[in-house]
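Asker: Give me the fold of what follows.
(one chain, ligands or ions: 1)
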Amino acid sequence: MPEGIPIPGKTKPTEREVKRAQVGKSQDWRFPEKRFETGKDHPGIIICPRCHAISEKKRWFVDEKRYEELKNAPGVEQVVCPGCRRIEAQVYEGEVSLKSPLLIDRKDEALSLIHHTEQEARLENPIARIASIDVEGDEIHVLTTTKWLAQRIGKEFAKALGGTVSFDNPPNEKFTRVHWVRED
Ligand SMILES: [Zn+2]
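Answerer: Numbering: from 1, shown residues only. So this is what the prediction gives:
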């Protein structure tokens, strides 16, 4: 048979068909819209207009100077980041309970320690955010968007003010409870 004449039913698959077969027939090989929006698979640069987080090369980070450069740059998309989305959708993964008589007199110091810990955590992971802080007498309750941030706040309190910190982290649950207590 001469070359170049396709055999019926045995035509060479196109590149797209090959790719499709590799990833599975039910899945489109292009980025699904939902994942695209989170920035995880976004190949370009996106910025969050709410918290100024930036996603470049599919990774979120915080850099205020870079945000200023990017905010009006052509080709940069504005998309609400996963951290802000979690807060909006009230998706929490951590709860911190802080309890000590010390918190009454040193409330401002305690609150700034909580905010400072969030700022530090954001540099490593912009999705790690504080969703709410409630002060009730000698207790402070904090909700966080990641388990890791809740644990970190507990540890920072133990480091700065002593007392004891414990973690209640039930297996198979995407939620952690952190307790910090100082009796005096
Ligand atoms: Zn954001």
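Asker: Number of residues surrounding the spatially closest residue to G137 that is not a sequence neighbour?
Answerer: Among residues not flanking G137 along the chain, I104 sits closest, at 6.6 Å (C-beta to C-beta, 6 or more residues apart in numbering). For the C-beta atoms, the positions are set from N, CA and C on the backbone; glycine is no exception. Using other C-beta atoms under 10 Å, I104 has 12 other residues around it.
Asker: Repeat that for the one 4 residues further on.
Answerer: Other residues lying near D108 total 8 when counted by other C-beta under 10 Å.
Asker: thinking again about what came up before, helix, strand or coil: sort out the residue nearest to G137 for me.
Answerer: helix (DSSP: H, G, I helix; E, B strand; the rest coil).
Asker: my read: it touches E136, true?
Answerer: No. I104 lies out of contact with E136 (C-beta atoms under 8 Å); the separation is 10.5 Å.
Asker: model confidence over the host helix or strand of E156, on average?
Answerer: Per DSSP states H and E: E156 is located in helix 147-161. Mean pLDDT, helix 147-161: 97.
Asker: buried sites along that helix?
Answerer: 147-154, 156-158, 161 (16 or more other C-beta atoms under 10 Å).
Asker: Could you check how far the residue positioned nearest the centre of the chain is from L149?
Answerer: Nearest to the geometric centre of the chain sits I127, at 2.1 Å (C-alpha atoms, centre = their mean). Distance from I127 to L149, counting by C-beta to C-beta, to the nearest Å: 9 Å.
Asker: likewise R182?
Answerer: From R182 to L149 the distance is 21 Å (C-beta to C-beta).
Asker: ditto for I45
Answerer: 26 Å.
Asker: would CSV of the buried residues of helix 147-161 with distance to L70 be doable?
Answerer: Shown next, in CSV, are these (distance: C-beta to C-beta, whole Å):
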residue, distance to L70
K147, 30
W148, 27
L149, 25
A150, 31
Q151, 32
R152, 28
I153, 30
G154, 35
E156, 31
F157, 36
A158, 38
L161, 39
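Asker: In JSON lines, list those along with distance to the ion.
Answerer: As requested, those are exported to JSON lines (distance: C-beta to the ion, whole Å):
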{"residue": "K147", "distance to the ion": "19"}
{"residue": "W148", "distance to the ion": "18"}
{"residue": "L149", "distance to the ion": "15"}
{"residue": "A150", "distance to the ion": "19"}
{"residue": "Q151", "distance to the ion": "22"}
{"residue": "R152", "distance to the ion": "19"}
{"residue": "I153", "distance to the ion": "20"}
{"residue": "G154", "distance to the ion": "24"}
{"residue": "E156", "distance to the ion": "23"}
{"residue": "F157", "distance to the ion": "26"}
{"residue": "A158", "distance to the ion": "29"}
{"residue": "L161", "distance to the ion": "30"}
